[in-house]
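K.L.:
Model the following, please.
(one chain, ligands or ions: 2)
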Amino acid sequence: MPRDAEPQTVRLSDYLPPDWLVDTVHLDVRLHPTATRVIARLALRPNPAGREGSPIVLDGDDLMLKSVALDGRPLAGTAYAETRSSLTIFAPPQRPVVLEIETLIDPSANTKLMGLYRSSGTYCTQCEAEGFRRITYFPDRPDVLAVYTTRIEAEQAEAPVLLGNGNLQESGTVEGTTRHYAIWHDPWPKPCYLFALVGGKLDRITEPYLTATGKKVELGIYVEPGKAGRAGYAMDALKRSMRWDEEAFGCEYDLDVFNIVAVADFNMGAMENKSLNIFNDKYVLASPETATDADYAHIEGIIAHEYFHNWTGNRITCRDWFQLCLKEGLTVFRDQEFSSDQRSRPVKRIADVRLLKSHQFAEDSGPLAHPVRPTAYREINNFYTATVYEKGAEVVRMLKTLLGEEGFRAGMDLYFDRHDGQAATIEQFLACFADANGADLTQFALWYAQSGTPELDVRGTWDEATRSFRLDVEQKLPPTPGQSDKQPMVIPLALGLVGPDGTDLPLNLDDGSNTERGVLVVSQRKHSFVFRDVDVRPVPSLNRGFAAPVKLTSNLSTPDLVFLARHDSDPFNRFDATQSIALAYLVAATRAQQAGASAPSAAPLVEALEATLTDPSLDPAFVAQVLSLPSETDIAREIGRDVDPDAIHAARRALRGTLGEALRPELETAYSRLRPAGVYAPDATSAGGRALRNAGLDLLAATGSGADIARVVTHFETADNMTDRFSALSVLAHGAPAEREAALAAFYERFKGDPLVVDKWLALQAQIAEPGTLERVRGLTGHTAFAMTNPNRVRALIGTFSAANQTQFHRADGDGYRFVADTVLALDPRNPQLAARLLGAFKSWRALEIRRRTLAETELRRVAETSGLSPDVADIVARTLA
Ligand code: B3K
Ligand code: ZN
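P.N.:
Numbering: from 1, shown residues only. Ligands and ions are numbered 1, 2, ... in the order given. A predicted model of the protein is given here:
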């Protein structure tokens, strides 16, 4: 078969509409472990908007072509051509035609987990972004929308459950055989990336759901046999998501069934296939004994996210993959809002901003930085990034901040009205908000085009004589790969002026305007605002709620920050004030550590934390967040260059001990006060109590005192839920070498039959900040609990080591880099997506001190020079080194 040229860079500017459209797809899939037969009948017609007289060009990958027929007649060999990645029908009649293609595929040999594959024997599919071409030849692009009918056939014994998209039309046995079939029909036109099928031996739970207008939907969650008892929380989250979308966005479900299938082998979290979501079982299965509060929260968020795609992604999809944020950023925003409404809004915002900073800010300040809407890609799977998802969500949030609640909802309503059934673009999305509000969003659109985190410097001065307060604001847009010169952005600066008694002063601008909702709009490089009638010196509370995803600097003093930590009416900024004090302290302490000098005084931080811990009005979940210090990567990012991870770790560790000692009475009081009554419940209030107790336990143990460690051991041994048990185990693993091994062994013994819990055990060991960890991790790759073939195991052990163990991944001898590079190369031939993700751990290598930087570069070059790399890994390594 002719080879294709090297994969080309795909550019947004080259977009052309498809030459042929597909109206209907009839698939007949006869499942077989190694030789699944797929017969596809495609009703095609020339696209009036396409190029006249075009051949029919279909994508394909790893398919064995058996036959092609056009309008019922087999095609002569000269009428078509097959390459490894395409099937071209030359000179088709320029009118509607029916193309019938028969192919064979081998699901058991599919280790990429894209297309049709098997997970613990269950047949399942993953088609986004370009996996459908591994099932049959097809125009595999999101702007080709078709109505699908799928007949699935399998051995009854092997796959008693057969699921497809849409509603079940017919099912039965195949006469004279041991096989059976099911026919599913999905009336909603969809792109092929939303196609799915499942066949296997699965248990299920079902529940009815009544939509807002009274339509009955049968909800089903399918899991591996014996695990149905752990699917209840996911079902509950699904029902709450469906109700919320009706109430918050007027979005109602549109079919008779909605199914979720949980599988153990999955490259990502979950997938929003129309009416047949397929999930990594990690985000479905939960019980108090096996799942932490954080697991419950993730399950709730991801169930919601995939469900919300039904409207933002499925009913309105993307014109091309450059528009990925159109569905992902928007749907992340929607799931964040859902969780905020279900739980505590401030605590959810804090958690989201922590994630944004640790993942997206890090990406945006390194070689992999790219705009929310990229303009070119070599491998689209490498663009399912924190920038597209998390920053994409922030951009939608800013739209809401700028337009207000009602204006935002009007824009969303118009978007659903105008584009239902279409494959849309960011321009079309923004036009809905502009049109619904009479707003000009031209400059705002730069958020989709310019990469990098904007820096906002804000200087406030109070003038007693004129009773005015002046804010001088300057935005800076640091250069990022391919973008050296940038234009000023529209930045919503949400703020308050906090008076000495802690209440907000009125915001009257000197031009007579009143700032609506406390939001200033910064649109120039330099911008000044003057507030009048300010009788007392205020402390400005800036970027409230983290309304803009920027790096803010200001002339606030440490006492100002301590004041805000005590008094700000905006809970996010109360948290953020303490974090800023802690971050400044940790940067100074790291430098002192490197210089062999003594650590600075932690008194202001202790004061802010004490005030938080002793304020009875505060939610324990919030207090726990305030107590949790900036991470080692946060500190590294703040330092910016010549980073020494060992010094950072030492400074942070020492501070934890200092805080444990200084806050001992308050922490001990919180620990006893929040002792749970009753049985475990995963709700946000109960989880908040546990979070604060466990944060206290951790800080107290950081003092190293025997009594504190003994308390942790008791906590571990008497825990009746995974949250407490695993928190205690973490404290022991990180801070109590003498107790560590026995606790780890006891934990493994108890949970060795449960792969998802064993993942926690693997991940925890990979995080230990000690020189022996690399050997431990290498050893664990040979443990019976580990498998290089399962993405969850690889991410738990090696992903955690590279992304969450700063001192050991960045070992000064380079062995950490070597190990991860070796693993990437070993994984790449099997599962390129997983390998490329792992390689992402090198993204901040240029910020390291010279010795580590050199060692990291050596390993990256070794990867780059390896022949036969997948496009996935080749692309990441090339951009990381560029
Ligand atoms: N849309 C999928 C992600 C697909 C990733 C393909 N590499 C899950 C989600 O974002 O909902
Ligand atoms: Zn998504």
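
K.L.:
Look at the residue lying farthest from the centre of the chain and report its pLDDT.
P.N.:
Going by C-alpha atoms, centre = their mean, the residue of the chain most distant from its centre is A465, 50.8 Å out. On the pLDDT scale, A465 is placed at 98.

K.L.:
just to confirm, which helix or strand has it in it?
P.N.:
Using DSSP states H and E, A465 sits within no helix or strand.

K.L.:
ok, it to ligand 1 distance?
P.N.:
Look at A465 and ligand 1: by C-beta to the nearest ligand atom, to the nearest Å, they are 56 Å apart. The C-beta positions use only the backbone N, C-alpha and C, and glycine is treated the same way.

K.L.:
Enumerate every residue touching that residue.
P.N.:
Residues near A465 by C-beta atoms under 8 Å, 6 or more residues apart in numbering: none.

K.L.:
Which phi and psi values does it adopt?
P.N.:
phi -60, psi -50 (degrees, to the nearest 10).

K.L.:
same question, T703
P.N.:
Dihedral angles of T703 (phi, psi; degrees, to the nearest 10) stand at phi -70, psi -20.

K.L.:
go on, T658?
P.N.:
According to degrees, to the nearest 10, T658 has phi -60, psi -50.

K.L.:
ok, V473 touching V522?
P.N.:
Yes - proximity of V473 to V522 meets the contact threshold set by C-beta atoms under 8 Å, at 5.3 Å.

K.L.:
who touches both of these two?
P.N.:
With C-beta under 8 Å, 6+ apart, V473 and V522 have common neighbours 456, 493.

K.L.:
The helix ranked longest in the chain: how far from the chain's middle?
P.N.:
Longest helix in the chain, counting residues (DSSP state H): helix 392-419. Offset of helix 392-419 from its chain centre (C-alpha atoms, centre = their mean, to the nearest Å): 21 Å.

K.L.:
and D245, that one's in a helix?
P.N.:
Yes - D245: assigned to a helix according to DSSP: H, G, I helix; E, B strand; the rest coil.

K.L.:
ok, it to ligand 1 distance?
P.N.:
Counting by C-beta to the nearest ligand atom - D245 and ligand 1 are separated by 15 Å.

K.L.:
Tell me who's in contact with that residue.
P.N.:
Neighbour list for D245: 251-252, 307-308, 311, 334, 338 [criterion: C-beta under 8 Å, 6+ apart].

K.L.:
Looking at these, which is nearest ligand 2?
P.N.:
F308 (8.3 Å; C-beta to the ion).

K.L.:
and that closest one, what does it touch?
P.N.:
Counting by C-beta under 8 Å, 6+ apart, F308 makes contact with 241, 245, 251, 331, 334-335, 338.

K.L.:
Could you do I221 as well?
P.N.:
204-206, 228, 231, 234-235, 238, 259-262, 284.

K.L.:
Now restrict these to buried residues only.
P.N.:
Among those, those classed as buried by 16 or more other C-beta atoms under 10 Å are 205, 228, 231, 234-235, 238, 259-262, 284.

K.L.:
Mind checking which of those land in strands?
P.N.:
The strands, defined by DSSP state E, take in 205, 259-262 from the buried ones among the contacts of I221.

K.L.:
Switch the contacts of I221 over to a markdown table; also include pLDDT and distance to ligand 2.
P.N.:
Shown next, in a markdown table, are these (pLDDT from 0 to 100; distance: C-beta to the ion, whole Å):
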| residue | pLDDT | distance to ligand 2 |
| --- | --- | --- |
| R204 | 98 | 24 |
| I205 | 98 | 24 |
| T206 | 98 | 25 |
| A228 | 98 | 26 |
| A231 | 98 | 21 |
| A234 | 99 | 17 |
| M235 | 99 | 20 |
| L238 | 99 | 16 |
| N259 | 99 | 18 |
| I260 | 99 | 15 |
| V261 | 99 | 17 |
| A262 | 99 | 17 |
| V284 | 99 | 16 |
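
K.L.:
Residue numbers of this structure in contact with ligand 2?
P.N.:
328, 331 (C-beta under 5 Å from the ion).

K.L.:
The buried ones among the contacts of I221: which two are farthest apart?
P.N.:
Across the buried ones among the contacts of I221, no pair lies farther apart than A228 and L238, at 14.7 Å, counting by C-beta to C-beta.

K.L.:
all helices for the stretch 251-400 of the chain, in order.
P.N.:
293-308, 324-342, 345-355, 362-364, 386, 392-419 (DSSP state H, counting those that start in this stretch).

K.L.:
any chance of these in a markdown table, with mean pLDDT and distance to ligand 1 too?
P.N.:
Listed next are those as a markdown table, based on pLDDT from 0 to 100; distance: least, C-beta to the nearest ligand atom, whole Å:
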| stretch | mean pLDDT | distance to ligand 1 |
| --- | --- | --- |
| helix 293-308 | 98 | 5 |
| helix 324-342 | 99 | 5 |
| helix 345-355 | 98 | 15 |
| helix 362-364 | 97 | 16 |
| helix 386 | 98 | 12 |
| helix 392-419 | 98 | 11 |
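
K.L.:
P832: what's its closest spatial neighbour, skipping adjacent residues?
P.N.:
S870 (3.4 Å; C-beta to C-beta, 6 or more residues apart in numbering).

K.L.:
you'd agree the one you found is up against R837?
P.N.:
No - here S870 does not reach R837: they are 12.0 Å apart, not a contact under C-beta under 8 Å.

K.L.:
so is T789 in a helix, a strand, or just coil?
P.N.:
Counting by three-state DSSP, the backbone at T789 sits in coil.

K.L.:
How much space separates it from N382?
P.N.:
To N382, T789 is 22 Å away according to C-beta to C-beta, to the nearest Å.

K.L.:
Those two: which is more packed in?
P.N.:
Comparing T789 with N382 by other C-beta atoms under 10 Å, the one with more neighbours is N382, at 23 against 13.

K.L.:
State the pLDDT value of that one.
P.N.:
98.

K.L.:
Just list the residues touching it, thanks.
P.N.:
Neighbour list for N382: 836, 872, 875-876 [criterion: C-beta under 8 Å, 6+ apart].

K.L.:
one more time with 6 Å, if that's ok
P.N.:
Neighbour list for N382: 836, 875-876 [criterion: C-beta atoms under 6 Å, 6 or more residues apart in numbering].

K.L.:
Q487 versus that one, what's the distance?
P.N.:
27 Å.

K.L.:
A40 touches F138, doesn't it?
P.N.:
No - with contacts counted by C-beta atoms under 6 Å, A40 stays clear of F138, the gap being 7.3 Å.

K.L.:
Neighbour count for the two, which is higher?
P.N.:
Taking neighbours as other C-beta under 10 Å, A40 and F138 compare with F138 leading, 23 against 20.

K.L.:
could you pull out the helices for the stretch 401-550 of the chain?
P.N.:
Using DSSP H, counting those that start in this stretch, helices in the stretch 401-550 of the chain cover 426-437, 446-449.

K.L.:
Columns mean pLDDT and mean neighbour count on top of those, output as TSV?
P.N.:
Output for the helices of the stretch 401-550 of the chain, formatted as TSV (pLDDT from 0 to 100; neighbours: other C-beta atoms under 10 Å):
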stretch	mean pLDDT	mean neighbour count
helix 426-437	99	20
helix 446-449	98	20
